[in-house]
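1. sequence unknown, structure follows:
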């Protein structure tokens, strides 16, 4: 059998050489790898490899017919790579991809290196990701190293538990991971457990490193059960710093609400502070705000809404919620209502409503979001106020301080007037999709760079979507639901479809559809999943249902529905208020 396979392989290689010579003429170069001669065409090598382009144009090899590659000893892999340069095809496997990637990088064959990187990315899992992270940290390529790092940050608890190589991370590497603001964990206890496990692997060498690591474990975020369980570790008895940190956590957890608020008034909250998903009715009827507590996995009422306005924009910042503009009843107006530029703020920690600086323009059905402590309000319907209104392309922003901001200022306008559109931030850039310009509903999208104060267009959505959801998750944008209407002013078909935007390829691709069609729903991303609540459904159904999407499985799951909230809603993530830790709240 072995002899037969060898004969077949030799026959295929001979047929391949004949095909190459038939297509490109007589061979003019021989590459030697591992003492095996591989005939080829210099033109093909130079077309695909920057290494060969430089060699055959600048160095002595340009006049040689036979070139030995002393650093490449595997003739079979080199033969496959040469064949790739001819026919753009190569069969990768877990056993060969690493070696092929090394040679592709050495020969600077960018397309092959990209294929290898993508092959590895598609096969990264919780068991092998640390090995990939360690190897690429030393050998590259850097984009694969970053992909492995992102995977670890997204699945830190499972990786720390399942990966045999986790204990091989260096101090700098584990410090980089646990200090990252993008680290996702369901509990701070998981970070503590991973650090202790890493130290316990080499206790003599690593015990002295523990204090620097503990600075990035936020002990007040642990539960009392986690703290009590941690005290049982043998490391606590041997390490004074660890014992002190756990005792401080016990002291904090025993404080009452006012004492906890005073504690955090003197220091910034850590980036892994737990969140809640707040939902507010945006149209037709005022209802008390509700929130989904990810910690308790339940819905509760947050607060009645003071000075409620229809068609407002909703943003969250730290523990506060801002209502921007909107439409309110005005008996003196010919239409019975008036679009306003009013700003209202609800502080969830102080449980207090207050006013904020009015916007430059009155707006309803605008888009809004917060980026780096600055609120951006984009487009909408409105103007100077009153009943004279139009679709707006204008943008304004408000820099926030501890007690809100002082004054709005204008920014560069969008290329298209929009209302009922949606916006989201990704990598510091603000993306705006869909909505309507007053003449038609839109599938177009554009992106704003705050540093350059400039807009540019990106690829259109696959469908017209107004009042869809738009969220960023793991380096992608997801456009969720919305409505596709035949033209402005007409009720169309609510969508259950979802599409994902990749900024690197500038392409939208379809992912799994929701269980229910919905538009005007609240959509947020948290802990690696997308959460969708409320909206209007098929046949104008008023929805209170909730579902979540997991990009790893490409599946949607139904969750507990809201209590009384339903219909046209908006939603934001904010910091879970400290007062929620009181016994009555739990």
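-> That came through, no problem. These figures come from a predicted structure and were not determined experimentally. Residues are numbered from 1 along each chain as shown.
2. sketch out the low-pLDDT regions of the protein for me.
-> Applying pLDDT under 70 to the chain flags the ranges 1-10, 385-388, 402-405, 488-489, 582-586.
3. how's it carved up into domains?
-> For the chain, automatic domain parsing gives the domain ranges 2-107, 129-265, 276-356+439-581.
4. columns mean neighbour count on top of these, output as TSV?
-> (Each C-beta comes from the backbone N, C-alpha and C, glycine too.) Formatted as TSV, the domains of the chain follow (neighbours: other CB atoms under 10 Å):
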stretch	mean neighbour count
domain 2-107	15
domain 129-265	17
domain 276-356+439-581	19
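5. right, and the ones you listed - which one's nearest residue 416?
-> With CB to CB as the criterion, residue 416 lies closest to domain 276-356+439-581 of those, at 6.3 Å.
6. hmm, back to that, adding distance to residue 428, write the domains of the chain out as JSON lines.
-> What follows is those, written out as JSON lines (distance: least, CB to CB, whole Å):
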{"stretch": "domain 2-107", "distance to residue 428": "30"}
{"stretch": "domain 129-265", "distance to residue 428": "13"}
{"stretch": "domain 276-356+439-581", "distance to residue 428": "7"}
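7. what helix or strand does residue 415 sit in?
-> Under DSSP states H and E, no helix or strand contains residue 415.
8. and it, what is it in contact with?
-> By CB atoms under 8 Å, 6 or more residues apart in numbering, the contact list for residue 415 reads 393, 446, 455, 457.
9. go with 7 Å
-> Each residue near residue 415 by CB atoms under 7 Å, 6 or more residues apart in numbering is listed here: 446, 455, 457.
10. secondary structure and distance to residue 536 for those residues - can I get that in CSV?
-> As requested, these are arranged in CSV below (DSSP: H, G, I helix; E, B strand; the rest coil; distance: CB to CB, whole Å):
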residue, secondary structure, distance to residue 536
446, strand, 26
455, strand, 30
457, strand, 29
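11. let me know the closest of those residues to residue 555.
-> Nearest to residue 555 among the contacts of residue 415 is residue 446, at 30.9 Å by CB to CB.
12. please give me every residue in contact with the closest one.
-> Applying CB under 7 Å, 6+ apart, one finds that residue 446 lies in contact with 414, 415, 432, 455, 456, 457, 458.
13. quick check: closest non-adjacent residue to the third one.
-> Same thing as residue 432. residue 423 (4.7 Å; CB to CB, 6 or more residues apart in numbering).
14. that neighbour touches residue 370, doesn't it?
-> No - the criterion here is CB atoms under 7 Å, and residue 423 misses it with residue 370 at 10.8 Å.
15. more neighbours, those two?
-> A direct count of neighbours by other CB atoms under 10 Å for residue 423 and residue 370 places residue 423 higher, at 25 against 19.
16. how near is the more buried one to residue 11?
-> 61 Å (CB to CB, to the nearest Å).
17. now do residue 332
-> Going from residue 332 to residue 11 by CB to CB gives 92 Å.
18. cool, residue 127 as well?
-> Here the criterion is CB to CB. By it, residue 127 lies 40 Å from residue 11.
19. list the contacts for residue 377?
-> Contact partners of residue 377, counting by CB under 7 Å, 6+ apart, are 313, 324, 359, 363, 366, 368, 396.
20. and these, which are buried?
-> Buried subset of those (neighbour count, 16 or more other CB atoms under 10 Å): 313, 324, 359, 363, 366, 368, 396.
21. tell me which entries of these lie within strands.
-> Counting by DSSP state E, those place 313, 324, 363, 368, 396 in strands.
22. how much space separates the first one from residue 359?
-> Look at residue 313 and residue 359: by CB to CB, they are 10 Å apart.
23. for the last one, same thing?
-> Relative to residue 359, residue 396 is positioned 6 Å away (criterion: CB to CB).
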